[in-house]
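Visitor: Provided below are the primary sequence and the corresponding predicted coordinates.
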Amino acid sequence: MGRRRRGRIARGLSPWAAALSYVLLGSWTAVVVFPLYWILVTSFKLPVQVYAGPVYVPFVDFWPSLHAWRYIFVDLRNDTLRPYVNTVVVALTSSVLALVLGTAAGYGLLRFRYRPRLGVVLQFVGSALLVGVAVGLNVPWEIAVPAGGGLFLVLWSTTRRRFHRSMANEDIALWMISQRILPPVAVVIPIYVLFQRLGLLDTWVALIVTYTAVNLPIVVWLMRDYFRNISLELEESAAIDGASPFRIFWSIVLPLSAPGLAATFLLVLVFSWNEYLLALILTGANAQTLPLTIAAQNATRGPQWWYMSVLILIMIAPVIGMAIALERFIARGLLVGALKG
Amino acid sequence: MKRRLSLRMAVLWAAGTLVAGPAWAAGPFEGVSVNILTFTGPQIAEPLQRRAPDFEKLTGAKINVITVPFSDLYQKMLTDMATRTNSYHAFVFAPQWLADFATPGYLEALTSRVAADKALQWQDIAPFFRNFSAVYAGRNYTVPVDGDFQMVYYRTDLLAQAGLRPPETWDDYLKIAAALDKKDLNGDGTPDFGSCIAKKRNAQSYWMVWSVAGSFLQSQGTRQGSFFDLDTMKPLVGSEAFAEALRVYVATGKYGPPDELNWDVGDSRSAFVTGRCALTVDWGDIGTLAIDPKTSKVMDKVGAVILPGTHRVLDRKTGKLVPCDRTTCPYGVHGVNHAPYAAFGGWSGGINAAAPPRVKDAAYAFLSYMSQPAQSNVDVTIGITGFNPYRTSQFKSLDLWLKAGMSRAAAQNYLGAIEASLNSPNMVLDLRIPQNQRYQQVVLDTAVAKLLARQTTIDQAVTEISEGWEAITNELGRDKQLKAYRETLNVQR
Amino acid sequence: MTTGRPREAPAVGARASPSGSVLTGPARALTARLGQQAKLLFLWPAVLMLVFLSIFPLFVSVYVSLTRLEFVPGGFALRWVGLANYRKLLFGIEQEHFLGLLAGPSPVQQVALGVIAIGLVVVLARAPRPGRALSGLLGRSLWAVAGGAVAWLLARTLLPGGRPGTLVTTLTYVGVGVAVQYGLGLGLAVLCAQQIAGRRFFRVVFLLPMMITPVGIAYTFRILMDLGKGPFAPAWRGLGLAEVSWASDPWGARIAVMIGDVWQWTPFMFVVLLAALESQPPELLEAATVDGADRWQTFWQITWPQIAPVTATLVLIRIIEAFKIVDLPNVLTSGGPGTATESLTLHAFIAWRTLDLGGSAAVAYLLLLVVTFAVVAYLRLVRRRLTEPT
C-alpha cells in the first residue's frame, strides 16, 4: 500500500480541475469503449441489419439474433475450436520459451563478460549460413547440421589464435535488439522454405519457434534493463558464499524480478496472440490461428461482420482477463529498468 | 426360399447401385480419405461440407473440406504443389488460375474421366463452361460446380416507375443511373445512388472494368479473346475502344456513392439489396441474396439483364471503333454487341496430379457428385452456397427457384438473363496466361484505381496499362505468352 | 574452450575474488567451471535461435531480391536479374509507386531545397570531435547525404504538384502517428497519475485497444468509418457531408489510417508513461510545491527530466514497430485511393501476393534500410540528448 502512494502528485485538486480531468478521461474512455461496444452489438445483428444502416441499441433499434454465435459455436464447432486451441498453445508456449531464453540472455549479457572474437563470430555465421543454404537445397538436415557444425569446429580450432578483435557485450546486445527492426515481410519466404524443407509447415512447432525468435529481442531488451536496477549486493553476497551463477539467477534474481517477468510475459503474449503475417505464411488448416480465422471472414461476399465480431470477442476475452489480473505488474514491472535508458 | 431371398438381395443391391448414381469404374472407396482445399465460406465451402457425409454414405470415401482465407487460396495451392508438399488432393478454385497450375503439370487432366462419366451430364453444362472455362491447352482440367459471370441488376420497381427499360447499352446504363441518382430509393429519407459498382483497389474493380470493356473489345465470339491481339500479342487496352470503356467506367462514378472507391463487392451488394442502389454490376449472387429475408429489403424488386453492350466495337485491323453491323457484330442483338464476362471463371473442382491413384478416383467421384444435376440444381437455388447457375437444366425449370422463394416473374427475369448470357457465343473468357495476376491485379488494377482517384487522366491510364502489359509480356517472353494466350482460347493456328 | 584465454573477468560490480570462501579445491573448481558453462548456457540458446531464424533468412532474402520468379514445367525457378528490382523501384516504372510523383520545380520548392542545402552545409561544417577528424567527417557526410536525400524527397513529393509514394506515406505514418500517440499518452498518463477515484478502472480500460489483434481492429474501424453502414453515418450526413468521403481523398484516407493507429497504440505509451510518472520520488514534487512552483513549472523542471529517458526508449520502440504498419491500410482501403495509403510493408505484401517475390524482397530490404537509418538517426539526435545527465 505504501509503495502505491509513492510518486503520486501529492497535491489535492480543485473541484474544477478534478471535473475537467474526469471529463477528459471520460471522453477517452468513450473513444476506447465505443468500438468495442460496436463489435459486441454487431455480433447480434442480422446481415440486413448491418447493411441497412447503423442500428445502435439492441431491443430498441433492432431485435438481436444469435445466428452468428450459433454459426461460430455450433455449426463451425471444430473449425472454431481448433484455431482457438492453436492460438492458445502457440502463444503460451512461445511466450514462455522467449521469456526463458531471453531472460537468461539478458542476465548473461549483464553479468558476464563475453568476448567472442570477431573472426570466430564470422565463421560461425558463415557455417550457419551454409547449413541453411544446404537445407534449402534439399540436403536432409540430419546431414547438413552436423556437417556445418563440424566445419565450424575445424575452422575455429585452426584459426582461433589469429583473431584479436572481439565483440563486447554491448555489441551482442545491440545485435539482438536490432533484430526487432527487421520487418517480418522481409523474411517470410526463406522462413517458409526452411520449414517446408524440415517438414514442419502447418504445425505448432513452426509457429512457436518463429514467434520465440521474433520476440526474443524484446525480452532481452526489457529484462536486461530491468535487471540493471536490481541491487547487486544480494548477488554479490551470494557469489561470495560460493553459489553458482545458476543458483543466483534462480533463487535470487528471478524472484526479485517477478513484476518485470510478468509484464514482459504479458507483452510478448499479446504480440504472439495477435500476430497475423507469419501465421498466414506458415500455417494451413491445421495450425491456423484466430487472427487468420478473423481475416478469413472476408470472403467473396465481403466481410461477414457478424461472424467477425464474434471471433474478435472470443479472441480478446482471455487476454483482457489476463491484462486485468496483471495490470498491477505491468505498470511497475515494465519500466523501472527502461527508466534509465 | 433361398432363391427368393437371394433374388430380393440381388434386386436390392441393383437398386442400391442405381441410386448411388455416378458410374465410376472403381467400386466404393472404403477407407479412402480425400482432402479438398477451398476458401473459408460459407460460400462454396458450405455445400461441400454439407454433402460430404452423404457422399461418404454412398461410397465410403471420407471427404475433408479444408478452408483457408480467400485471399490466400491461390498462394496455398501453389506453394503446396510447387514445393511438393501435396497435403491437398483436390481443390475447388477459380479456373482463372489454370494458367499457373496446368502449365507446370500440377493438375490432373480429366478429359478421359469426364468422357466416361455419364452421370455428370457434361452436355448439360453451358457450352462456355465446358468448352472454355474447364479446358486449358485442349485438355479438360476441372469440373465446374458454379457459373460465375457478371450481369447488371436493376430495381424493377424504380425503372417501372420512371418508365425506363432495362439497359441494353452502357449509355442506357448511364442514363438510368442519372435519372435515379440522388433520389430516395428505399424510403429511409436519405438520397441514394444511381449506380453502385465495386471499385475498390485490390478487390474486384479490375473485373468490373472489364465487364464494361468487354463489349467494346470483343465481338467475334469467345475465341477472339478480349485482352490481346491474337497474332502480335499487343494489348488491346491501347486502343481507343478501351479508352471509351474507361470513360464509361469513370462516368458511372458520377452517380455512385461518394466512397465508391472504397467499396468492394460486399459493400455494393449489401447496398443494392438494402435498396440503396438503382443499378449494379455483379456476379450471380444478387439473385439469391435478394430473396433471402435475412439479407434483403428488396424482395421481388430485383431484375437482371445481360451485361449491356455497345453500338460501336473495336476493329482490330485499324484499332478504331466502328459501328456495329452484321460483319463487325455477328452476334449482335438489336444492333448491340453484348459480351458477357465470365469473370474469375466459375468455381470448379480440380485434382492434384500427385495424389495417390485411388484418392484421385475418389476425389473425382466427389467432384462429379457435386456437379451432377441432382445435387447442383438444388444448391444453385440456395444463396448461402455461393453456387450460381451454369447448367442449361438449371434455368429451364422454374420449380426449384419458386421453391426457394422467388416469385414467378422474378424467376423468369433472373433465369432469362442468365440464359441469355450463358447462351451468348460472345462470352468473354477471363485472362489465363502465366502471371495473369501481374497483368490484371498489379498493372490494370493499380492504373484504374489511380484513374478513379483522379491521379491520372484516361490517356495516361491507357498508356500506363499498355506499357505495363508490354513490359510483362516482353519479360516473360512474347512468343511464350502468345502461345499460352492462344492455348487458353483453344485457338489453333 | 578455456585454455589460453584470460581468466574470467569478474562480473560487473562483484568483488574481485571471493575471500574467506569455505569451499575447498575441487568444489571451487567445479563452481568455477560451472561459472564458465553457465556463462555460455545463458546466452547461447538465444543466439542460436536468432542466427537461424533471423540472420539466415536475411541473407536468403537478399538473394531473392536479386531474382525474379517464374513458372517452369515441374515447379518454379528464380531467375537472376541482378539489381533490376531495386532499379525499378528507385528509377524505373515503380518509382512513382515507391518514391512518389516528383513534382516539377516551383518557387516553393526552390526555397525548400535551398534551405535544405544550407542545413547540410551547416552540418558538415561543424567542428569534428578531437582525434576523429576523418571518420567524423565521413560519418557526418554520410548523415548529410542521407538526411538531405530524405528532405529532398519530402520536399518534392509533399509540396503541391507532387504526390507521395509508399516511402513518404510510411514516414508520415511513423512521424505523425508516434507524435500524436505520445502526446495523447502523456496527457492521459498525467491525468491518471493524479489522485482521483477510479484510477484503476481507467488504467484497465485504456489498456484494452492494445490487446486486440490488429486485423480485428482494422475491420472494426472499417465499419466504424463506413459512410453508409457505420455508426457515424447519420452524424456525417447531418453535418451536410453526405457527398464527401474520406475514402476518395488521399489525405483523408491517410488520416483515417492514422486514427486507427492512434487508437490502437496510445495505450502503449499511456501505460509506460503512467508507470514512469508514478515512480517519481514524491519528495521532489513536495519540495517543488513547498517552493511555490506551479504545475507547469513542476512538470517541466522536475517531471520531464525524470521521464525523458523513458520517453526516449518508448518512442524508439514505437518507431520501430510503426514502420511495419500493414493491417490498417490493407483492410481500410487496400492501399487506396490509388496508392495513397499504401505503406512499405503493404507494398511488399501486395507484391508477394501476386508472386513478385523478387520485388517484394527488394521493397522489404529498402524498408529495412530506412528503418535502420531512422533508428540510428533517432538514437543519435534524440536519445542521446534525452538520456544525458542534466
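Guide: Thanks, I have the structure now.

Visitor: Can you name the element that comes right after the worst-scoring helix or strand of chain A on mean pLDDT?
Guide: When the helices and strands of chain A are scored by mean pLDDT, DSSP states H and E, helix A:2-5 comes last with a mean of 42. Per DSSP states H and E, the first helix or strand lying C-terminal to helix A:2-5 is helix A:15-42.

Visitor: Surely B:I66 is in a helix?
Guide: No: assessed with DSSP: H, G, I helix; E, B strand; the rest coil, B:I66 is strand; it does not lie in a helix.

Visitor: Show the pLDDT at the nearest residue to it once chain neighbours are set aside.
Guide: Excluding its sequence neighbours, the residue lying closest to B:I66 (C-beta to C-beta, 6 or more residues apart in numbering or on different chains) is A:A285, at 3.9 Å. C-betas here are computed from N, CA, C, even on glycine. We have a pLDDT of 74 for A:A285.

Visitor: residues in contact with A:A285?
Guide: A:202, B:37, B:66-68 (C-beta atoms under 8 Å, 6 or more residues apart in numbering or on different chains).

Visitor: Let's have those in a markdown table, adding pLDDT.
Guide: Shown next, in a markdown table, are the contacts of A:A285 (pLDDT from 0 to 100):
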| residue | pLDDT |
| --- | --- |
| A:D202 | 83 |
| B:L37 | 93 |
| B:I66 | 85 |
| B:T67 | 82 |
| B:V68 | 80 |
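
Visitor: can you list the residues you listed in CSV and add neighbour count?
Guide: Formatted as CSV, these follow (neighbours: other C-beta atoms under 10 Å in any protein chain shown):
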residue, neighbour count
A:D202, 20
B:L37, 23
B:I66, 19
B:T67, 26
B:V68, 23
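
Visitor: And those residues, which is closest to chain C?
Guide: B:V68 (13.3 Å; C-beta to the nearest C-beta).

Visitor: any idea how far chain A is from C:I259?
Guide: Relative to chain A, C:I259 is positioned 10 Å away (C-beta to the nearest C-beta, to the nearest Å).

Visitor: so which helix or strand takes in that residue?
Guide: helix C:250-278.

Visitor: And the next helix or strand past that helix?
Guide: helix C:282-290.

Visitor: what comes up buried for that following helix?
Guide: C:284-285, C:288 (16 or more other C-beta atoms under 10 Å in any protein chain shown).

Visitor: Of all the residues in chain A, which one is nearest chain B?
Guide: For chain A, C-beta to the nearest C-beta, closest residue to chain B: A:G302, 0.9 Å.

Visitor: roughly how far apart are that residue and chain C?
Guide: Counting by C-beta to the nearest C-beta, the gap from A:G302 to chain C is 11 Å.

Visitor: Quick one: neighbours of that residue, just the number.
Guide: 21 (other C-beta atoms under 10 Å in any protein chain shown).

Visitor: Looks like it contacts B:V273 (just checking).
Guide: No: the pair A:G302 and B:V273 does not pass the contact test of C-beta atoms under 8 Å, sitting 11.5 Å apart.

Visitor: Give me the below-cutoff pLDDT ranges for chain B.
Guide: B:1-27, B:493 (pLDDT under 70).

Visitor: domains for it, by residue range?
Guide: B:2-141+B:348-385, B:151-342+B:427-488 (automatic domain parsing).

Visitor: Return the most buried member of those domains.
Guide: domain B:151-342+B:427-488 (a mean of 21; mean count of other C-beta atoms under 10 Å in any protein chain shown).

Visitor: I'd like the secondary structure assignment at A:F44, please.
Guide: Per three-state DSSP, A:F44 ends up coil.

Visitor: do the same with the one 10 residues further on
Guide: For A:P54, the secondary-structure state derived from three-state DSSP is coil.

Visitor: Wait, it touches C:K229, no?
Guide: Yes: if you go by C-beta under 8 Å, A:P54 and C:K229 touch, sitting 6.3 Å apart.

Visitor: show me the contacts for the spatially most central residue of chain A.
Guide: The centroid of chain A falls nearest to A:V268 when counting by C-alpha atoms, centre = their mean (2.8 Å). A:V268 is in contact with A:94-95, A:98-99, A:215, A:218-219, counting by C-beta under 8 Å, 6+ apart.

Visitor: from those, which ones fall inside helices?
Guide: A:94-95, A:98-99, A:215, A:218-219 (DSSP state H).

Visitor: Of all pairs in these, which one is the farthest apart?
Guide: A:S94 and A:I218 (12.2 Å; C-beta to C-beta).

Visitor: more neighbours, these two?
Guide: Taking other C-beta under 10 Å, A:S94 and A:I218 do not tie; A:S94 has more neighbours (27 against 21).

Visitor: which residue sits closest to the more buried one in space, ignoring its chain neighbours?
Guide: A:S94's closest residue in space is A:Y211 (C-beta to C-beta, 6+ apart), at 3.7 Å.
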